[in-house]
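K.L.:
Please find the sequence and the predicted model below.
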Amino acid sequence: QVHLAESGGGLVRAGDSLTLSCVASTRTFNSYTMGWFRQAPGKEREFVATISWIGDDTYYADSVKGRFTISRDNNKNAAYLQMNSLKPEDTAVYYCAASIASRAPVASAYNFFGQGTQVTVSS
């Protein structure tokens, strides 16, 4: 069992930046692909970004490509999501997730999810 704890959410204005963090409680963090998902009210959970075990491969949803950057620090058991040029449509609960699969851009590929952190972007 891997426990994931997200932090860094908040209320920002359109155009602002925010960085989300996710800390994992596992000694084998570097064996997991990490991902970020989000869920807006009334909508299904959607994929945002994923990063490979050693951080050499990343993949983004088209809606965030060029604005968001996923990264990880295996020494700290942490993954991050740097979000720039935020838009009101980015408002959602953001979830960190861990997968034993290699590239994993779908929620069904993930074994563990955190509790989420709220990001609200005002216009």
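P.N.:
Looks like it arrived, so ask away.
K.L.:
Which strand or helix spans the residue most central in space within the chain?
P.N.:
Centroid check for the chain by C-alpha atoms, centre = their mean gives residue 36 as the closest residue, at 2.3 Å. Element membership of residue 36 [criterion: DSSP states H and E] is strand 33-39.
K.L.:
pLDDT (mean, whole number) over that strand?
P.N.:
Averaged over strand 33-39, pLDDT sits at 97.
K.L.:
mind saving the C-alpha coords of it as CSV?
P.N.:
The C-alpha coordinates for strand 33-39 follow below in CSV (Å, rounded to 0.1, in the frame of the first residue of the first chain):
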residue,chain,number,x,y,z
THR,A,33,5.3,5.9,-12.7
MET,A,34,3.7,9.0,-11.2
GLY,A,35,0.8,10.9,-12.6
TRP,A,36,-1.6,13.8,-11.9
PHE,A,37,-5.3,13.8,-12.5
ARG,A,38,-8.0,16.4,-11.9
GLN,A,39,-11.7,16.3,-11.4
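K.L.:
Tell me the confidence at residue 76?
P.N.:
Reported pLDDT for residue 76: 96.
K.L.:
circling back to that earlier point, measure the nearest residue to the residue nearest to the centre of the chain once chain neighbours are set aside to residue 41 for me?
P.N.:
Leaving out its chain neighbours, the residue that sits closest to residue 36 by C-beta to C-beta, 6 or more residues apart in numbering is residue 48, at 4.3 Å. Backbone N, C-alpha and C define where each C-beta goes, glycine included. Using C-beta to C-beta, to the nearest Å, residue 48 is found at 16 Å from residue 41.
K.L.:
Repeat that for residue 101.
P.N.:
In terms of C-beta to C-beta, residue 101 sits 29 Å off from residue 41.
K.L.:
Same question for residue 47.
P.N.:
With distances taken as C-beta to C-beta, residue 47 is found 18 Å from residue 41.
K.L.:
Pick out whichever of those two has more residues nearby.
P.N.:
Comparing residue 47 with residue 41 by other C-beta atoms under 10 Å, the one with more neighbours is residue 47, at 21 against 7.
K.L.:
The residue nearest to the centre of the chain contacts residue 19, correct?
P.N.:
No: the criterion here is C-beta atoms under 8 Å, and residue 36 misses it with residue 19 at 11.6 Å.
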